[in-house]
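Peer 1: structure here, sequence nowhere to be found:
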């Protein structure tokens, strides 16, 4: 039996799942969702990222570094963020994800734009450094349930740094994770 706690095994299992064109299997396990969590212990995240770069070729996959998206968002909106920080002191998460129905430049929109760009290029988006979302008010469930991801013929893959407490998956060992719209590979 192969141990899936090895980064190479987890990534190869995910690649086989995607290449076997078992979208119905993914959707069945993800309650109609279209996402895969590759769960890694936060301590091993860098090993997984290195293995992703080695094993997930850019002909089929688009690696999206969420820490770079966060830095891009901040550098392009620095003055607005500083102003918003004073106004939204109690709701700082609205700086990164505008409330439903509101139109504004936010990080959530940038993430969805990256996903859409990957799907348009017929590539599977693979998130790395998803810890950049922690504290932003953007939860993975918001991304997994977005229309772009739900309606795509290609899945979204998220490298998910988490630990287990009994049968709960804890994002960065801090917060309980929603596994509802994703298939778990660990």
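Peer 2: In hand now; what should we look at? Bear in mind that the values here come from a model prediction, so they are computed numbers and not experimental data.
Peer 1: lowest average confidence, helix or strand, in this structure?
Peer 2: Least confident element among the helices and strands of the chain, by mean pLDDT, DSSP states H and E: helix 23-29 (a mean of 78).
Peer 1: so what's residue 133 up against?
Peer 2: Residues in contact with residue 133, defined by C-beta atoms under 8 Å, 6 or more residues apart in numbering, are 66, 139, 140. All C-beta atoms are positioned from the backbone trio N, CA, C, and that covers glycine.
Peer 1: what's the neighbour count on the last one?
Peer 2: Yep, that's residue 140 we're talking about. Neighbour count for residue 140, taken as other C-beta atoms under 10 Å: 21.
Peer 1: likewise for residue 155?
Peer 2: Neighbours of residue 155 using other C-beta under 10 Å come to 25.
Peer 1: shouldn't it be in contact with residue 29?
Peer 2: No: between residue 155 and residue 29 there is no contact under C-beta atoms under 8 Å: 11.0 Å.
Peer 1: ranges for the strands of the chain?
Peer 2: 35-40, 61-65, 124-128, 156-165, 168-171, 175-176, 182-185 (DSSP state E).
Peer 1: of those strands, which is nearest residue 86?
Peer 2: Within those, the stretch nearest residue 86 is strand 175-176; the backing value is 26.7 Å (C-beta to C-beta).
Peer 1: for the spatially most central residue of the chain, which non-adjacent residue is closest in space?
Peer 2: In the chain, the residue lying closest to the centroid (C-alpha atoms, centre = their mean) is residue 158, at 4.0 Å. In this structure, residue 158 finds its nearest non-sequential neighbour in residue 127, 4.5 Å apart by C-beta to C-beta, 6 or more residues apart in numbering.
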